[in-house]
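A.B. asks: any chance you can model this:
(one chain, ligands or ions: 1)
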Amino acid sequence: MKRPKFKPEAYIGGKALKPETLMMNYGYNPQWSEGAIKPPIFQTSTFVFKNAEDGEDFFKMAHGEKMSGPIRSPGLIYSRLNNPNLEIFEDRMTLWDEAEACAVFESGMAAITTVFFGFLNPGDVVLHSEPLYGGTDHLLNKVLAGYNIRSVGFRAGSSLHDIENIIRKENISENIKMIFIETPANPTNELVDMKACAEIARRFSTPEKKVSFCVDNTFLGPLWQHPLKHGADLVLYSATKYIGGHSDLVAGAVLGPGELIGRLKSLRMCFGNMASPLTCWLMTRSIETLKLRMTCQMKNARYVANFLRKHPKVKKVYYLGHIAPTDRQYNIYKDQCLSSGAMISFDIKGGKKEAFTFLNSLKLINLAVSLGGTESLVQHPGAMTHSGIAPQDRLRMGISDSMIRISVGLENPDDLILDIKQALDKVK
Ligand SMILES: Cc1ncc(COP(=O)(O)O)c(C=O)c1O
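C.D. replies: Numbering: from 1, shown residues only. Modelled structure (predicted):
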């Protein structure tokens with residue numbers, strides 16, 4: 001894919017500056033706002049046109065019409081279509097994934113839903129990894145089924161050969177329109193081989209029907225994994241998580257080639273599911289510290305995972321940093337992940353009763369769904385985020401009643417371990 005057209009301030013002496021450097025100023029000129037070093041919140045629904053000709057031109061540009069006169073930059077019209085806070089944040093987001101364009105939504109689910117409605121039609125099949133976040137699973141298997149869009153799952157960790165066998169067995173080769181994956185999988189941390197998925201997408205595309213390959217990169221991105229470099233067409237985020245990073249907002253994002261993102265922005269204009277100026281302003285502030293936060297969380301998670309691995313009341317730890325070189329997933333990990341991230345799941349010895357005793361005994365770590373915030377969060381996927389999936393399907397996907405998921409935050413890791421230890425001591 002083409003590299004984005006970075007703005008001149010992204011370079012010094014022809015050398016590209018790093019994303020973490022550009023998070024502080026890229027795409028915003030203080031002179032636009034009385035010298036304010038940070039962009040103000042443009043808390044406005046509409047924008048005043050200089051004259052009627054401008055208004056007419058801006059609408060033409062918004063509808064994708066070619067301009068007959070000199071090319072001008074698209075002007076601000078109305079905050080459902082465009083707003084400075086939305087545009088500054090979208091521009092900055094493109095830097096991490098080196099994407100051409102970005103579209104921001106009011107939630108991760110709004111981003112995912114818009115991608116499905118933008119690229120699928122009745123009769124199409126979505127081939128997807130399992131497990132997926134419970135909300136995405138529900139959307140695919142319950143809601144889209146009502147629109148005659150079928151979904152067929154394959155277990156995260158499947159080889160190219162395994163996926164081909166499923167396509168053959170389900171007789172879907174003619175109808176595959178999208179491959180949608182989450183890697184690492186939520187909550188099992190199993191990795192999906194992106195190169196294998198890109199190969200399937202390529203093989204089953206025809207001149208009339210392009211198979212889109214979409215990756216939900218919420219767990220590791222945008223710092224530790226860049227799916228567009230591994231053949232994905234679109235990369236998606238629940239920006240509620242690491243990008244927002246403070247558990248005080250809900251948002252989503254999709255990145256990829258300008259043409260595909262343009263299609264999603266047209267739909268967003270109809271659905272009205274763009275992020276608000278305040279949400280974008282909060283996220284623009286948050287991504288200044290994204291690298292700092294994600295790096296600290298990654299380091300903290302390593303301490304916590306190593307402690308859990310040695311604890312006699314823990315049966316199994318699911319953590320990317322523990323994948324052994326002899327494991328089939330190791331090469332995938334080395335190829336596509338830049339770090340082990342900060343998400344850990346583990347099976348406690350016993351079952352739901354023991355898991356609940358542990359959860360109810362924690363004093364510091366919060367019992368709440370979501371992830372990627374500054375504070376550590378813990379939850380029981382079987383009873384919470386993935387409770388909408390039938391119990392037998394959950395088990396098939398590797399989500400047992402003894403599984404607990406932890407999102408590791410910025411606390412001192414010794415304090416986290418102290419809390420986990422005392423809670424495990426309460427489990428009989
Ligand atoms: C991996 C993943 N994708 C998507 C979503 C949905 O995002 P949101 O809650 O921002 O709508 C979540 C939410 O937990 C998630 O964990």
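A.B. asks: could you report the neighbour count for the residue of the stretch 301-428 of the chain found nearest the ligand?
C.D. replies: Taking CB to the nearest ligand atom, the ligand has its nearest neighbour within the stretch 301-428 of the chain at Ser370, 5.9 Å off. C-betas here are computed from N, CA, C, even on glycine. Neighbours of Ser370 under the rule other CB atoms under 10 Å: 16.
A.B. asks: I'd guessed it sits against Asp248; true?
C.D. replies: No: using CB atoms under 8 Å, Ser370 is not in contact with Asp248; the gap is 10.9 Å.
A.B. asks: got the contact list for Leu140?
C.D. replies: Contact criterion CB atoms under 8 Å, 6 or more residues apart in numbering gives Phe116, Val126, His128, Leu132, Ser151, Phe180 as the residues in contact with Leu140.
A.B. asks: and the closest residue to the fifth one other than its chain neighbours, how far from the ligand?
C.D. replies: Going back to what we said before, that points to Ser151. Distances taken as CB to CB, 6 or more residues apart in numbering place Leu140 nearest to Ser151, at 4.2 Å, with adjacent residues excluded. With distances taken as CB to the nearest ligand atom, to the nearest Å, Leu140 is found 12 Å from the ligand.
A.B. asks: how about Leu140, secondary structure?
C.D. replies: Remark: Leu140 carries the secondary structure label helix [criterion: DSSP: H, G, I helix; E, B strand; the rest coil].
A.B. asks: now the helix or strand where Gln422 lies: buried residues?
C.D. replies: Assigned by DSSP states H and E, Gln422 belongs to helix 413-425. Using 16 or more other CB atoms under 10 Å as the test for burial, helix 413-425 gives Pro413, Leu416, Ile417, Asp419, Ile420, Ala423, Leu424.
A.B. asks: now stretch 379-392
C.D. replies: Gln379, His380, Pro381, Gly382, Thr385, His386, Ile389.
A.B. asks: dump the residues you listed into CSV; add distance to the ligand as well.
C.D. replies: What follows is those, written out as CSV (distance: CB to the nearest ligand atom, whole Å):
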residue, distance to the ligand
Gln379, 10
His380, 14
Pro381, 10
Gly382, 15
Thr385, 7
His386, 10
Ile389, 14
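A.B. asks: quick check: closest non-adjacent residue to the closest residue to the ligand within the stretch 251-400 of the chain.
C.D. replies: The ligand sits closest to Gly252 of the stretch 251-400 of the chain, with a gap of 5.4 Å, by CB to the nearest ligand atom. Excluding its sequence neighbours, the residue lying closest to Gly252 (CB to CB, 6+ apart) is Ala111, at 3.2 Å.
A.B. asks: what about that neighbour, how many residues nearby?
C.D. replies: The tally of other residues near Ala111 (other CB under 10 Å) stands at 27.
A.B. asks: quick one: it is in a helix?
C.D. replies: Yes: the assignment for Ala111 is a helix, going by three-state DSSP.
A.B. asks: pretty sure Met24 sits in a helix.
C.D. replies: No: Met24: not assigned to a helix; according to three-state DSSP it is coil.
A.B. asks: wait, what's in contact with the residue in the stretch 101-250 of the chain positioned nearest to the ligand?
C.D. replies: Nearest residue of the stretch 101-250 of the chain to the ligand (CB to the nearest ligand atom) works out as Gly108 at 2.3 Å. Applying CB under 8 Å, 6+ apart, we find Gly108 in contact with Asp216, Thr218, Leu236, Tyr237, Ser238, Ala239, Thr240, Lys241, Val250, Ala251, Gly252.
A.B. asks: let's go with 6 Å and repeat that
C.D. replies: Residues near Gly108 by CB atoms under 6 Å, 6 or more residues apart in numbering: Ser238, Thr240, Gly252.
A.B. asks: for the last one, name its beta-bridge partners.
C.D. replies: If I follow you right, that is Gly252. With DSSP bridges as the criterion, Gly252 is bridged to Phe105, Ser238.
A.B. asks: report how many residues lie close to it.
C.D. replies: Count around Gly252 with other CB under 10 Å applied: 28.
A.B. asks: ok, now how distant is it from Met109?
C.D. replies: Using CB to CB, to the nearest Å, Gly252 is found at 7 Å from Met109.
A.B. asks: anything in contact with each of those two?
C.D. replies: Contact criterion CB under 6 Å, 6+ apart; residues shared by Gly252 and Met109: none found.
A.B. asks: which residues of the stretch 1-150 of the chain lie near the ligand?
C.D. replies: Ser107, Gly108, Met109, Tyr133, Gly135, Thr136 (CB under 6 Å from any ligand atom).
A.B. asks: residue ranges of the helices in the stretch 1-150 of the chain, please?
C.D. replies: In the stretch 1-150 of the chain, the segments counted as helices under DSSP state H, counting those that start in this stretch are 19-22, 52-62, 84-97, 108-119, 134-138.
A.B. asks: any idea which of those helices has the lowest pLDDT on average?
C.D. replies: Note on these: lowest mean pLDDT is at helix 52-62, with a mean of 89.
A.B. asks: who touches it?
C.D. replies: By CB under 6 Å, 6+ apart, the surrounding residues in contact with helix 52-62 are Phe49, Pro74, Gly75, Ile77, Leu81.
A.B. asks: what's the nearest residue to the first one if we skip its chain neighbours?
C.D. replies: When you say that, I think you mean Phe49. Gly55 (3.9 Å).
A.B. asks: count the neighbours of that neighbour for me.
C.D. replies: 15.
A.B. asks: try Leu86
C.D. replies: By other CB under 10 Å, neighbour count at Leu86 equals 26.
A.B. asks: quick check: longest helix in this structure by residues?
C.D. replies: Counting by DSSP state H, the longest helix found in the chain is helix 290-310.
A.B. asks: next, the buried residues of that one.
C.D. replies: Residues of helix 290-310 classed as buried by neighbour count (16+ other CB under 10 Å): 290-291, 293-294, 296-298, 300-302, 304-305, 307-308.
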